[in-house]
Structures are given as structure tokens and as C-alpha cells.
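K.L.:
This is the structure alone, sequence omitted:
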């Protein structure tokens, strides 16, 4: 074929015919190489020379290459047999892509190479379907390339939004830090005003505190006298023989003192009320016996009401649930409650004096001090709120939202996936949860921990740990595979191992080119 014809052929768009001629001519001049050797290593196997093991440990005659006997420590002399335990076999797979097999898969009766090269003895007949597989792979590659093209454009927009969000958060953080300085100054001023107001208040209330103390003493004396009268009255009722003593037999006559409710008052039960003695005189009865007897006597009269056990049980249950699900989540609230508790304790005396009527001047001083305390509480709350907001922004800024901040827009969002029994929820950079369709009780499957993908694609896998503890098992964890897609969508959920969950999440933020280390290189060696 002369140059004019080739040129004419090109002019009438016979490009594919030319490619066929090139491939045909190339295949007719194939580089000689032993079975199982890749094209890149063909030059290391020269049939005109002795063969040197690739690790340089030994040189053997070339006719010992692929003789079904392992001579080299690195197995390089048997690339096309299964003689070496740690050897490897190269499949050319023309039309698809090359493949490396472990040598023990050569001539094992299973067609591993799509061109059937690994089963060369004829014991197993293999069909060469590389072109068919390659065509499907190329179609999938073309589809993915189109998806990647659209996704990369969307990823660029997400990256711009993410950088904007980061800049806005940084600006907000700077503003909050300035506001914090001002708020702390105001808090210090309020503390001083409160201190001054309370000093004046305390002086004005000294007189009323003395009155209150006198009132308390009088009240205590009346209660003590009343208690003594009750004791004397009950002593006289129990002292049936009027000998001035209460003995065991007299207590046994009263079913009220049957502590174990078995129908009788034993000597041991009676002695408990007598301070483990056989009898008690009036003073001993008043001091030691009556305080033990009074609850039983009161209960018998119907005036004693036991505590609300159900309410207490509910409180305990609520506390348990907070400990289980809110571990470490309410630290700021606890600090606030502690500060309020301290403040209440500090002014407990003043609150107890509220029932006292003050003179007009004293009341004004109390009102001023009360307002000073209220203003200080407001300023303390403002400082706490600013600190909470600063902490949240700082934690967000520390998170890795990708090399170009492309995942930043996902923070604060949640995505759901539903199966027959559960609704699963993924909240990126926060948590994963499971919610039964039968009720709304959430099970925490993990808290955001880190990116955990391979070196070539660290942003391909999210890891969530420290989830709710499994019964008689470990804490739950979740791995989220992140793949390229044109929308943010949670597409699958499974539990491959007990208490270990696997999510798959599609997002345009994951649409980027990967390095060849990923093992998804679409280049075919034809």
C-alpha cells in the first residue's frame, strides 16, 4: 500500500481500518517471552542467555525456566507454572485489562484469566471472553466518566460554598472573641455592683436576722414541747400497770409495733423500741423510744404518707437514660446548674426571710440587691452562651471537610434510609442512628471520629465510633463508604458484623479523579 492510498483512506475516514492494520502488524512482531511473564518484564527473559533470578541470587540455564521445578528463591524462574508456592502468573487479557494471579491458581481447573491463559494444559477448556468483558467495562467506564464530569462541576460549586462557610465561621469567631471580652468586663462590673449591694443589704438585714433567729428558737422550743407532750401521752397509754416503766410485755400488746407484719410482736421487735433493754422509764422513753415509735403510731392513725416511690423510680429511670445517651453532652448545663446552685445557697438566708415584712428603706435595699443578683446572673449567662458558641465554631473549624472544603455543606444535615424495620439516619460529621418504625427511640450507632479511607482516597470512608453499647457486646460503630453521585443520598445500610454497620453515601463532593494506586485505573493493555 503506497502513501497516496493511505492518505486517501484517511481522507475518507478509514481511521478504524488503519488502527486494525497497526494492531495486526504489532501482534505479528510480538516480543518473545515465557508464559506468565508481563510485557514489561519480557526483556529479562532472553532465550539466548542463561537466566539470572530477579533477586540476583542464582543463575540457571534458560531451559530451566518454566520447567515445573522451582529453582529461584523469588519464584521468578517459574512465572508460567504452579511449581513455586509464592509465585505469580501474568494474564495478558487482550481486549480487557491485565491480571496477576497467585501461582497456585494456574492449572487448577478454574478459568481465572478471561483469555484462558492460566489453564494451558487442556484439562479445562476456557472461553476467551476478554472482548465481551472489556466492552462492558468500557461502557461502565464511559458512564462513570460522564457522571464524574457532572459531579466534578458540582463539587467545584460545593468547594466554593465550603470555603465561604469557613470564612464566615472564622469571621464570626473573631467577632465572638471580641464580644466575649466585652461581656466579661460587664460581668466583672456586675459582680462588683452585686458585692456592694449585698454588703449594704446584709447590714440592713442584721436586725431582721436576729428577729428570725428568735422566731426559729421559739418555734423549735414549741415543737420540742409538743413532741414531749406526745411522748408523755403515749407513755401513759402504754404503761398499763402504771409502774412508771414501759416493758417488753406492754409493747407486745400493741399490734402497731409488729415491724415484719407477721401477726405478732416478738421480744426482739419490742427490744428495738426499748434501746435493747427490758424496760424504759419516762425520760429514756422520750429521748430514745418515742422517736422510733412515732412513725408506726402515725401510720396506724392514717396521718403518715409514704414517699411517692413511682415518681422516684421515674426520676431514676430518666437519670439512667441521660447517662446512657447524653454522656458528655450536658457539661455546659451542669456547670450552669452548679453556678446557680452556689448562688442559691449563698442567698438561702435571704430567701427564708421573704415572709418577714421589712420597713420601706430596708425593702428598697433588698430590691436593689435582688436586681444586682439578677443582672449578674444575666451577664454570666451571656458569657456562657458566647463560650458555647465559640466552642462549637472552633470544633467545626478543626474538622477536615476535604482538601477544598467540599464536604463542609454536609455539616448540620441528616440523610435517611428506610428498610422494612428501621429508619437509619446519617448526620455527617456528627452521628449515625437507628430508629425502629414501631417507636421513636433512637439507637446511637456511632459519633463522628475521622476519615478512614486508603492513602490514595482518604475521603472515601467515614468512621463513626463510641455508639451505644450492644447488649453483652461492644460499642456500636459505623463505616460510611462515600462515593460519587449527582445528589446527596444515603443509598444502602447493612450490618456485616454484629454491632458494626456499613452505610453507603453518594455525594457530588466525592467526585474527583483518583490516583492509579486505587486499583480502578481504566487503562487497558490491548
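P.N.:
In hand now; what should we look at? What you are looking at is a predicted structure, and each value in this text was computed from that prediction instead of being measured.

K.L.:
pLDDT of stretch 298-316, averaged?
P.N.:
Stretch 298-316 shows a mean pLDDT of 54.

K.L.:
Could you do stretch 136-146 as well?
P.N.:
85.

K.L.:
now stretch 62-72
P.N.:
Mean predicted lDDT for stretch 62-72 stands at 95.

K.L.:
How about stretch 152-161?
P.N.:
pLDDT averaged over stretch 152-161 gives 94.

K.L.:
Other residues contacting that stretch?
P.N.:
The contact list for stretch 152-161 (Cβ atoms under 8 Å, 6 or more residues apart in numbering) reads 402, 404-409, 486, 508-512. In this view, the C-beta of every residue, glycine as well, is placed from N, C-alpha and C.

K.L.:
Report the two of those separated the most.
P.N.:
405 and 486 (19.7 Å; Cβ to Cβ).

K.L.:
quick one on the thing from earlier: want to throw the contacts of stretch 152-161 into CSV with neighbour count?
P.N.:
Below are the contacts of stretch 152-161 laid out as CSV (neighbours: other Cβ atoms under 10 Å):
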residue, neighbour count
402, 19
404, 16
405, 20
406, 26
407, 25
408, 24
409, 21
486, 14
508, 23
509, 28
510, 20
511, 24
512, 17
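
K.L.:
Might you calculate how far the longest helix seen in the chain sits from the centre of the chain?
P.N.:
Longest helix in the chain by number of residues, with DSSP state H as the criterion: helix 130-238. Relative to its parent chain, helix 130-238 has a centroid offset of 21 Å by Cα atoms, centre = their mean, to the nearest Å.

K.L.:
shaky segments in the stretch 401-526 of the chain?
P.N.:
Applying pLDDT under 70 to the stretch 401-526 of the chain flags the ranges 514-526.

K.L.:
As a check, name the ranges of all helices in this protein.
P.N.:
Using DSSP H, helices in the chain cover 3-11, 15-27, 130-238, 248-252, 267-273, 282-284, 290-301, 309-325, 331-346, 348-352, 360-398.

K.L.:
Give me the contacts around the fourth one.
P.N.:
This means helix 248-252. Contacts of helix 248-252 (Cβ under 8 Å, 6+ apart): 238-241, 257, 264-267, 270-271, 273-274, 278-279.

K.L.:
What is the burial count for residue 437?
P.N.:
11 (other Cβ atoms under 10 Å).

K.L.:
next one: the one 4 residues further on
P.N.:
Applying other Cβ under 10 Å, we find 10 other residues in the vicinity of residue 441.

K.L.:
Quick check: the gap between it and residue 416.
P.N.:
16 Å (Cβ to Cβ, to the nearest Å).

K.L.:
Residue 46 too?
P.N.:
63 Å.

K.L.:
Not counting its neighbours along the chain, what's nearest residue 430?
P.N.:
Using Cβ to Cβ, 6 or more residues apart in numbering and skipping residues adjacent in sequence, the residue nearest residue 430 is residue 448, 5.6 Å away.

K.L.:
Who is the one you found paired with across the strands?
P.N.:
Per DSSP bridges, residues listed as beta-bridge partners of residue 448: residue 464.

K.L.:
need the contact list for it.
P.N.:
399, 428, 429, 430, 431, 462, 464.

K.L.:
Derive a ChimeraX selection command for the buried subset of the residues you listed.
P.N.:
In ChimeraX, this line selects whichever of those come out buried by 16 or more other Cβ atoms under 10 Å:
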select :428,429,430,431,462,464
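
K.L.:
nearest to residue 61, of the contacts of residue 448?
P.N.:
Nearest to residue 61 among the contacts of residue 448, with distances taken as Cβ to Cβ, is residue 462, at 56.2 Å.

K.L.:
I figured that closest one hits residue 490, correct?
P.N.:
No - judged on Cβ atoms under 8 Å, residue 462 makes no contact with residue 490 at a distance of 11.7 Å.
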